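Trainee: Build me a model from this:
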Amino acid sequence: MPQAGANWRPPEVEVTRPGLLICRTFDRMQDIHVQIEEMRGHMASSRTQPRIEQRNVLTAVVGNTPAVVTETLWALEQQRAIRVDEIRIITTAVGRDSIARYLLGPDGHFAKYCHDYGLAAGRIAFSAQ
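Mentor: Residues are numbered from 1 along each chain as shown. Okay, the predicted model is just below:
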């Protein structure tokens with residue numbers, strides 16, 4: 001479980017309406033809005049019923065504290081048992097550099113999270129693009 005500082009406590013996740021969660025991280029007093037996007041797909045055969053495929057996409061607005069991404073991911077997957085399939089970040093150029101430095105890469109916190117919780121490489125789509 002990610003931790004930052006002596007007063008750290010796990011984020012709280014609340015469902016505000018279907019499809020929108022708010023995850024509050026208390027060590028930084030920020031709100032992260034997490035959108036669960038539903039993507040629909042149809043089976044190729046017209047003789048079968050359409051199949052709905054749901055992908056959960058963690059969309060976060062992040063400044064210079066990229067740890068909120070792994071904290072929110074932990075809260076969703078470990079506390080709420082919500083599988084996250086993809087992570088999308090909205091940030092500034094400075095935030096992008098922080099994310100690249102601290103989260104992405106073979107020694108980053110995202111790779112450490114995946115290793116600690118036994119997630120296969122690529123199970124959660126997350127890149128610098």
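Trainee: mind listing what the residue lying closest to residue 86 once chain neighbours are set aside touches?
Mentor: Take residue 86 and drop its neighbours on the chain: the residue closest to it by CB to CB, 6 or more residues apart in numbering is residue 125, 4.1 Å away. In this view, the C-beta of every residue, glycine as well, is placed from N, C-alpha and C. Neighbouring residues of residue 125 by CB atoms under 8 Å, 6 or more residues apart in numbering: 85-87.
Trainee: okay, now residue 84: neighbour count?
Mentor: Around residue 84 there are 20 other residues, counting by other CB atoms under 10 Å.
Trainee: One more: the one 3 residues further on?
Mentor: Residue crowding around residue 87 was assessed by other CB under 10 Å; the count is 21.
Trainee: now residue 129
Mentor: 5.
Trainee: now swap in residue 75 and tell me
Mentor: Using other CB under 10 Å, residue 75 is surrounded by 23 other residues.
Trainee: Regarding residue 60, which helix or strand does it belong to?
Mentor: Assigned by DSSP states H and E, residue 60 falls within strand 57-61.
Trainee: buried sites along that strand?
Mentor: 57-58, 60 (16 or more other CB atoms under 10 Å).
Trainee: same question, stretch 103-111
Mentor: In stretch 103-111, counting by 16+ other CB under 10 Å, buried: 103-104, 108-111.
Trainee: okay if I get those residues as a markdown table plus distance to residue 95?
Mentor: Putting the buried residues of stretch 103-111 into a markdown table (distance: CB to CB, whole Å) gives the following:
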| residue | distance to residue 95 |
| --- | --- |
| 103 | 11 |
| 104 | 13 |
| 108 | 15 |
| 109 | 15 |
| 110 | 15 |
| 111 | 19 |
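Trainee: Let's see which of these end up in helices.
Mentor: Applying DSSP state H to these, the entries found in helices are 109-111.
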